Every structure is written in structure tokens, then in C-alpha cells.
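Trainee: please find the sequence and the predicted model below.
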Amino acid sequence: MNTTLIRNGRVITATDDYVADVLMQDGVIHAIGKNLAVGEGVRIIDASGLYVLPGGVDTHVHLQNIIGPTVTCDTFASGTRAAAFGGTTTVVDFALQTAQDSPLEAIARAQRLADPQVNIDYSLHVIVTRVDAQVLADVRHAMRHEGVTSFKMFMAYPGVMMADDAAIFQMLRQVGADGGMVALHAENGTVIDLLIREALEAGHTSPRYHALTRPAILEGEATHRGIRLAELAEAQIYFVHVSSNQALKHIVTARAEGIPVFAETCPHYLLFDDSVYNSDEFEIAKYVMTPPLRTSDDQKHLWRALRYDDLQVIATDHCPFCMKEGHLGYQRQKMSGQHDFSKIPNGAPGIETRLVSLFDIGVMQGKLSLNRFVQLTSTTPAKLFGLFPKKGTIAVGSDADVVLFDPAATQVIHAEHLHSQCDYTLLEGRTLRGQVKKVFLRGELIVDGEQWLGREGMGRFVPRGTVQAF
Ligand code: URP
Ligand code: ZN
Ligand code: ZN
């Protein structure tokens, strides 16, 4: 029996804020109360002055994902350890359906890779690239029997991952009717490809052209198209990595019309703006992610949407590639695009810094309440992706995934102190208020200050239910 009592912490959920004791037993939260009495052999942790938060739920990460000719530079082992140090105890990664296989094979392949390595609990969205009757049958099977209830589709990257509108519509119609979620990457891929070709033909090869060839209007156009397809399909829909007001304005209007549209943004869109691209140095390849960073005006709209619930989730889109070729043996990383921006693998790291960076720029700067912070980073992602109430809250019977967070601490972020295998962080040298002190996964202490106590393979695949947003 593994029993721990957290004494006197300030318990923060999406709705509550009170000082109490939390008793964790056999992997779940067993009791919450004042001055809980416990017998001998119970480990007692004094959490006076600390927040007791539900473990973070990050529903958008790319660990060990093969993307084009390369692979993201965090394994399931390193990425989930980094997540844990950052206060995240559940991640949802991706299983890619290739040209040769089915969604079910994609799930099995990702599980074979992840299961022996994961340090925290995990699930998978299937990336569906091709739709036919068999694929739709497999999708239904995945939802009913494999606990995989969400599917990502791309409106970008023609010839690689892009699905056409009819395929997206078919998925929305079936998955929506079955209570699951289609998550869309909304950018107009064919027009972007044309703009990229034209830029390269004009000799524009530096990373700044990544941003210039993916204008916000093409994110807006695809978002609008996705919404209309969802409306026709009478389905709920989720937009990943929303970065611009061009996209947001369609989301806001659709929600006001009663269409069940949900959306996430990512910390990098809140932390940085497109002024970082004002250089022809290759160094800015660090900021080559998709969609690219937008204007400070877009950022204001993102904050407004977070406040008024037009954005419901903040996920990382942790998609790390090293700047130094050969770092830890990783090849074909950011330097692949040294002479051609279109060959820079898209993505940036962030899995470990999500909670602390949002605490600093959101809560400490008065833009998010503590409850909203928890809701955006744990509770709502758990609800939208069928993990709640096992994950996403502190309640009797929920998994004892608990973070002790010190709001009074400050830290300076350096890549070498983080636990990702990526050789850089976008937050290098930045001082952030707040610090994760201890992390429990199903009642087991896995992070204790700087000490790692977790074990590879201790994380579990979590079968998920349907969308709980209504
Ligand atoms: O740049 C990004 N976001 N890379 C990851 C793949 C995706 O589109 O989410
Ligand atoms: Zn995407
Ligand atoms: Zn992504």
C-alpha cells in the first residue's frame, strides 16, 4: 500500500481554492479534508505555502515522432521525464497512419514504442491521412475498443499529411456522431506550398520566409472551412495551435452561433511575437514552428479569447528538433534548412516550461486567475479528450496525479538544466516566477525538487472516453 498525506496545501482546481489535507492511497485521491487523521506508516508531506494542483494534461506533444525525413529529438522516455519535471502527468501524443497501414496498426506501433519508455500516463490521437470505408471502420473500432477517441487531420502539407475536405468531412461526420473529436491543423496547404515555391525561386532562403509564406489569412481561411465542414457534419471540432486573430474571429463567431467549436493555443504564441523574425540569421530557425509566431496584436486577441473561453486549452505542441546537427546523435534536425527554409523541420520544444511560463505571464501578470490556469492546462483538456475525472482535477476517486507548486519561488531557465534532449529552449535566460517542487503520478512521488524518482515504463496508456464538453 502506498499512502501519502499532503498536509495544509492550497488546493486549486478549475473551480475551487481552499487549504486542506489530501490523502492519496492506492494510486487515487482517497480523502480531502481538514486535519485528516492517519495511522502509522503514512508518509506526511507538509505543503504549507504551496499550491496543490492537479497534474498537467498536455494534449499536444510529439515524442519520437517521425516527421518527413527526420524524427523529433525527445524519446518517449526523455520527453515524459521532462514533462513530469514541468508538472505534467498525462500527455496525448500522435500515432501516424502511414500510406501503408491503418489507424489500428498506427496505434499498436506507437504503443509498442511508448509502453516500455513512458514515465507518465499517456494516450494517442491518430493522425488520419487517408479515408476509405476500411479506415472509417477502423476509426470506429479504435473509439469503441481501443480507447482512442480523437483524430488529427491536416489541411496543410500537401502530398505528405494533408487530407482533402471530403476526407475531413467524412471523419467529422462519423467521429462526431460517435462522440469523439477531430482535431484540425488549419492552414491552406496548397496556397502555402505555392508561396514557398515562389519565395525560393526569388532566392529567399532564410528562415524568416517560413513566417512570410504562412500568412495568418491562410490560417483564417482554413479555420473557416473547417468550421463549415463541422457545421454540415453536425460535429464538434477542435483546432490545434491557434495562433492568429484571423483564425480566432471565425472560432468566436461560430461559438456564438452555437456550433461546438473548441480550440487550443500554445505558450510560444503568448510568449513571443513575429518581431523575432526580423533577421536573416539562421539562429531564428529556433522559432520555425507552424503556424509561425504572429503579431503582438494577435497575441492580445489570444489573451482575450483565453479569458472569455473562446480558447479552452493551452497545450505545448512540443515538437523538438536540435539546432546543432548530431547533438546526441540526432541527424537532419534544424540545420537541414540552412540553405532552404522549407527544409527546416517545423516545431519547437516546450513540454517542461508550460506551467511555469503560463503561471508567470498569465497568473502573475493578472491575465488568468488561478482557477482558469488549472482549467486551461489540466481540466478542460482532460474533459475535451475523454480523460476526466480520472485526470484533470483533485477530487476523491481521481488519479492521485498531484503537483506541489511554489508560487513564491523564481527560476532562471536554461536548456542545460531542463530535461528535454533538445539543445535549446526558447526561454533561455528568462526569469520565471513559480516552481514545480514535487510531482506525484498515481500517488507515487516521481519528482522531488531536482531529484528524479520515476521509472521508465511506469506510465500507462489511458483508454479515453468521449468528449465531455456539454
Ligand atoms: O511546427 C509544428 N507545429 N510542428 C508539429 C506538427 C504540427 O503541425 O503540429
Ligand atoms: Zn499541426
Ligand atoms: Zn503539433
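Mentor: Good, I have the coordinates. Numbering: from 1, shown residues only. Ligands and ions are numbered 1, 2, ... in the order given.
Trainee: quick one: what helix or strand has Ala263 in it?
Mentor: Using DSSP states H and E, Ala263 falls within strand 261-265.
Trainee: any buried residues in stretch 38-53, and which?
Mentor: Residues Val38, Val42, Ile45, Ala47, Leu50, Tyr51, Val52, Leu53 are the ones in stretch 38-53 that count as buried (16 or more other C-beta atoms under 10 Å). The way it works is simple: take the backbone N, C-alpha and C, and place the C-beta from them, glycine included.
Trainee: can you get me the start-to-end distance on it?
Mentor: End-to-end span of stretch 38-53 (C-alpha to C-alpha, to the nearest Å): 22 Å.
Trainee: equivalent analysis for stretch 61-75, please.
Mentor: For stretch 61-75, the first-to-last residue distance is 11 Å (C-alpha to C-alpha).
Trainee: buried stuff in that stretch?
Mentor: Val61, His62, Leu63, Gln64, Asn65, Ile67, Thr70, Val71, Thr72, Cys73, Asp74, Thr75.
Trainee: and the two most separated of those residues?
Mentor: Val61 and Thr70 (16.6 Å; C-beta to C-beta).
Trainee: right, and the helix or strand after the strand holding Ala263?
Mentor: Immediately after strand 261-265, counting by DSSP H and E, sits helix 267-271.
Trainee: briefly note if that following helix comes near ligand 1.
Mentor: No. Between helix 267-271 and ligand 1, judged by C-beta under 6 Å from any ligand atom, nothing touches; the nearest distance is 9.5 Å.
Trainee: can you give me the buried ones in the helix or strand following that helix?
Mentor: Using DSSP H and E, the next helix or strand after helix 267-271 towards the C-terminus is helix 296-307. Buried residues in helix 296-307, counted by 16+ other C-beta under 10 Å: Asp298, Gln299, His301, Leu302, Trp303, Ala305, Leu306.
Trainee: packing partners of helix 296-307?
Mentor: Identification of packing neighbours for helix 296-307 by 3 or more C-beta pairs under 8 Å, 6 or more residues apart in numbering; DSSP states H and E yields helix 245-256, strand 261-265, helix 267-271.
Trainee: so which of those is the most packed in?
Mentor: strand 261-265 (a mean of 25; mean count of other C-beta atoms under 10 Å).
Trainee: that one: how far from the chain's middle?
Mentor: 12 Å (C-alpha atoms, centre = their mean, to the nearest Å).
Trainee: is that strand in proximity to ligand 1?
Mentor: No. Interface with ligand 1: strand 261-265 contributes nothing (C-beta under 6 Å from any ligand atom), its closest point being 10.7 Å away.
Trainee: likewise for stretch 68-86?
Mentor: No. If you take C-beta under 6 Å from any ligand atom as the test, stretch 68-86 misses ligand 1, and the best it gets is 8.3 Å.
Trainee: and the helices in the stretch 101-250 of the chain?
Mentor: All helices of the stretch 101-250 of the chain, identified by DSSP state H, counting those that start in this stretch, fall at 103-114, 133-141, 165-177, 189-201, 208-212, 216-233, 245-256.
Trainee: let me know which of those helices is the nearest to ligand 1.
Mentor: For the helices of the stretch 101-250 of the chain, the distance to ligand 1 is smallest for helix 208-212, at 9.6 Å, taking C-beta to the nearest ligand atom.
Trainee: now what about that closest one, what contacts it?
Mentor: 195-196, 199, 204, 274, 277-280, 284, 288, 292-293, 341-342, 344, 346 (C-beta atoms under 8 Å, 6 or more residues apart in numbering).
Trainee: who in the stretch 1-150 of the chain is up against ligand 1?
Mentor: His62.
Trainee: which one of the residues in the stretch 1-150 of the chain is closest to ligand 1?
Mentor: His62 (5.6 Å).
Trainee: same deal with the stretch 101-250 of the chain?
Mentor: Going by C-beta to the nearest ligand atom, ligand 1 is nearest to His185 of the stretch 101-250 of the chain, at 4.9 Å.
Trainee: send the alpha carbons of stretch 312-319 over as CSV?
Mentor: Presented in CSV, the C-alpha positions along stretch 312-319 are these (Å, rounded to 0.1, in the frame of the first residue of the first chain):
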residue,chain,number,x,y,z
GLN,A,312,-10.2,26.4,-23.9
VAL,A,313,-6.8,24.7,-23.8
ILE,A,314,-3.1,25.6,-23.7
ALA,A,315,-1.1,22.7,-24.9
THR,A,316,2.6,22.8,-25.9
ASP,A,317,2.8,21.4,-29.4
HIS,A,318,6.2,20.2,-28.1
CYS,A,319,7.9,19.2,-31.3
